[in-house]
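> Predicted model and sequence follow; I will ask about them next.
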Amino acid sequence: MKITDDAVRQKKLAALGSVGSAVVLVCLKAFLVIATGSLGILSEMLHSILDLIAAVITYLSVRVADKPADAEHLYGHGKVESFSAFVETGLLLVTAVYIIWEAIDRLVHQSVHIRPSVTAIVVLVIAMGIDLARSRTLNRVAQKYPSEALEADALHFSTDVWSTFVVILGISGAWVGMKFGIPWLAYADAIAALGVASVILWIGGRLGKRTLDGLLDVAPSGLRERIETSVSGMEGVLNTSRVRVRRSGQRHFVDITISVPRTASLEEAHATSDAVERRIEQIVPSDVVVHMEPRARSNENLFETIRAIAQRHGFPVHELSAHMFDGKLFIELHLEVDETASLHEAHKCATLLEDEIRSATDRNALINIHIEPLGAQITSAEEMRELGRSVQMFLGSLQSEYGEIADCHEVHVRSVDHKILVSCHCAMRGSLPVLTVHDITAGLEDRVKEKFPQIFRVTIHPEPVEES
């Protein structure tokens, strides 16, 4: 998912607004602590101070986390958000321990007398409204422009609403106890502080787990299985293995190994890889690396197996055929080797191919391999034209032997896939039967290939001499 300039600006404004709200709340609650001496309000003030620190950390992390990857941070800067949550968790836990210690001390020794008032209650209600407003603002921005830090702050500040509500109940109870002479309600403030500490511990536990998950590269629950299931069913993918997912901020990095048919071309395998990347990006915004391994299909036929074996060794093969002979599998094929190779070298390649074909198919199979030169030496246009002239002269010399031929023309010689192909036109009497014409052209083709063994195929187009 690409982070736009507008998204970065909105996230920064939301985080900055949270800092401003936290400053206002700290000031309000500090005033109330001085005015009332309430432990509940003191705990809330400390909580708000931590909120301020957390908001500043969030603002700084948002500024850094959206920076693109560079030479030193190849996976980007998203971990900064997880680190800010780690710091915030530590601060929360320290605060909760202090509040619990102070609350127990007041409950046991009753050493502090609070001065509750209606004004304090009203100010706390205002503070609760500020918390509610900033929590909703942060959550809206976090959902629109995914941010782990803003989402954590939204969760944090939403619980402030409830902790402030608990403090309001505590100080209200203390005020009622003082006004109507109910001594046991004096404990309400310390009990409220314990309630706030419980909320802080709960928040700290949730943020702590999220922090550890982010720092230890824990993938979201079920994401790995979703990716594996989705990719395994794609066309061109035989199976998947070693799916690994790590998260940095809101960006995920996915490494996946897929098996593709070993007979697939490089272009086909690359197209499959691109399709897998697009499918994973539809599941989760991510940077995907796909590793491909060639594998045999479960229903791979005999010829695919042979071609895969030859391809693995870089052996060009063609003219594959297979049939049953005398109760055994009989396989024939043509193997092309370097025309400068010796018979010993060429036979070594053929023997290697035979052994692997038997091992992969039938150990009792009969295999006959025709060895022929790759024919890569004639490559220049001038050499092709010279060969064409020689072929045309040779065909002309055969007119005395094949009286039906009037002339041969349009001789073209070309090299395709290291094979030399020849085509030409031969004019004959239009009254000749097609069967006779076929026999003549077949004979001419054989004579040309016999004369020029480097030629792989000859194609003769017969035409009536009257129309040539």
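Here it is on my side, so go on. Predicted, not measured: the structure shown is a model, and the values here were computed from it.
> who touches Val23 in this structure?
Going by CB atoms under 8 Å, 6 or more residues apart in numbering, Val23 touches Leu52. Quick note: C-beta positions are derived from backbone N, CA and C, even for glycine.
> Where does it sit: helix, strand or coil?
For Val23, the secondary-structure state derived from DSSP: H, G, I helix; E, B strand; the rest coil is helix.
> and the gap between it and Leu16?
Remark: distance between Val23 and Leu16 (CB to CB, to the nearest Å) = 11 Å.
> can you pull the buried residues of the helix or strand that contains Asp355?
Asp355 is part of helix 343-360 when elements are defined by DSSP states H and E. Buried residues in helix 343-360, counted by 16 or more other CB atoms under 10 Å: Ala346, Cys349, Ala350, Leu353, Glu354, Glu356, Ile357, Arg358, Ala360.
> What is the burial count for Glu277?
Residues lying near Glu277 (other CB atoms under 10 Å) number 18.
> In three-state terms, label the nearest residue in space to it that is not next to it in sequence for me.
Distance criterion CB to CB, 6 or more residues apart in numbering; nearest residue to Glu277, sequence neighbours excluded, is Val288 at 4.4 Å. Secondary structure for Val288, judged by three-state DSSP, is strand.
> circling back to that earlier point, would you mind identifying the next helix or strand past the helix holding Asp355?
Using DSSP H and E, the next helix or strand after helix 343-360 towards the C-terminus is strand 366-373.
> Sort out which residues of that next one are buried, please.
By 16+ other CB under 10 Å, the buried positions in strand 366-373 come out as Ile367, Ile369, Glu372, Pro373.
> Which pLDDT value belongs to the first one?
At Ile367, the predicted lDDT confidence score is 90.
> ditto for the last one
Per-residue pLDDT puts Pro373 at 77.
> which residues touch it?
By CB under 8 Å, 6+ apart, the contact set of Pro373 is Glu336, Val337, Asp338, Glu339, Gln454.
> what's the model's confidence in stretch 15-28, averaged?
The average pLDDT within stretch 15-28 is 77.
> Could you do stretch 455-467 as well?
Across stretch 455-467, the average pLDDT comes to 88.
> before we move on, what about stretch 141-160?
So the average pLDDT for stretch 141-160 ends up being 65.
> still on that earlier bit, with the buried residues of helix 343-360 in mind, which one is nearest to Arg247?
The shortest gap between Arg247 and any of the buried residues of helix 343-360 belongs to Ala360, at 42.9 Å (CB to CB).
> What backbone torsions are found at Pro453?
With angles defined as degrees, to the nearest 10, Pro453 sits at phi -70, psi -20.
> Just give the number of residues close to it.
10.
> Tell me what the residue most central in space within the chain is bridged to.
Geometric centre of the chain, nearest residue: Val288, 2.2 Å, by CA atoms, centre = their mean. Counting by DSSP bridges, Val288 is bridged to Val254.
> next one: Ile460
Legend: beta-bridge partners of Ile460 under DSSP bridges are Cys424.
> quick one on the thing from earlier: same list (the buried residues of strand 366-373) but as a markdown table, adding distance to Ala269.
Shown next, in a markdown table, are those (distance: CB to CB, whole Å):
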| residue | distance to Ala269 |
| --- | --- |
| Ile367 | 29 |
| Ile369 | 28 |
| Glu372 | 29 |
| Pro373 | 30 |
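> who touches the residue lying closest to His323 once chain neighbours are set aside in this structure?
Closest residue in space to His323, ignoring its immediate chain neighbours: Phe330 at 5.7 Å, by CB to CB, 6+ apart. Phe330 makes contacts with Ala322, His323, Met324, Ala365, Leu366, Ile367, Asn368, as judged by CB under 8 Å, 6+ apart.
> what about Phe330, which helix or strand?
Per DSSP H and E: strand 328-337 holds Phe330.
> pLDDT (mean, whole number) over that strand?
89.
> Each with direction, which strands does that strand pair with?
In its sheet, and by DSSP bridges, strand 328-337 pairs with strand 317-325 (antiparallel), strand 366-373 (parallel).
> Identify all contacting residues around the helix or strand that the shortest one is followed by.
It stands for strand 366-373. Going down the chain from strand 366-373, the next helix or strand is helix 381-397, by DSSP H and E. The set of residues external to helix 381-397 that reach it, using CB under 8 Å, 6+ apart, is 378, 405, 407-409, 411-415, 420, 422, 424, 426, 444, 447-448, 451-452, 455.
> quick one: Ala365 from Lys451, how far?
Distance, Ala365 to Lys451, using CB to CB: 36 Å.
> And the two? Which one has more around it.
It is Ala365, of Ala365 and Lys451, that has more neighbours when counted by other CB under 10 Å, with 17 against 14.
> So the more buried one is in contact with Asp326, correct?
No. The criterion here is CB atoms under 8 Å, and Ala365 misses it with Asp326 at 11.8 Å.
> Which parts of the chain are helices?
When secondary structure is read from DSSP state H, the chain shows helices at 5-36, 39-65, 79-109, 118-144, 148-180, 188-215, 223-232, 266-283, 302-313, 343-360, 381-397, 434-451.
> if we can go back for a sec, filter the contacts of Pro373 down to just the buried residues.
Of the contacts of Pro373, these count as buried by 16+ other CB under 10 Å: Glu336, Val337.
> distance between stretch 357-365 and the chain's centre?
Relative to the centre of its chain, stretch 357-365 is centred 39 Å away, using CA atoms, centre = their mean, to the nearest Å.
> then it to PDB, C-alphas only?
The C-alpha coordinates for stretch 357-365 follow below in PDB (Å, rounded to 0.1, in the frame of the first residue of the first chain):
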ATOM      1  CA  ILE A 357      15.100 -41.600 -19.000                       C
ATOM      2  CA  ARG A 358      15.200 -45.200 -17.800                       C
ATOM      3  CA  SER A 359      15.500 -44.100 -14.200                       C
ATOM      4  CA  ALA A 360      12.500 -41.800 -14.500                       C
ATOM      5  CA  THR A 361      10.300 -44.000 -16.600                       C
ATOM      6  CA  ASP A 362      11.000 -47.700 -17.100                       C
ATOM      7  CA  ARG A 363      14.300 -49.400 -16.300                       C
ATOM      8  CA  ASN A 364      13.600 -52.000 -18.900                       C
ATOM      9  CA  ALA A 365      12.800 -49.500 -21.600                       C
END
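> Return the helix or strand in this structure with minimum mean pLDDT.
In the chain, no helix or strand scores lower on mean pLDDT, DSSP states H and E than helix 148-180, which sits at a mean of 67.
> Pull out the buried positions in stretch 313-325.
Within stretch 313-325, the residues that count as buried by 16+ other CB under 10 Å are Phe315, Val317, Ala322.
> In a markdown table, list those along with distance to His438 and pLDDT.
Output for these, formatted as a markdown table (distance: CB to CB, whole Å; pLDDT from 0 to 100):
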| residue | distance to His438 | pLDDT |
| --- | --- | --- |
| Phe315 | 34 | 88 |
| Val317 | 29 | 86 |
| Ala322 | 28 | 89 |
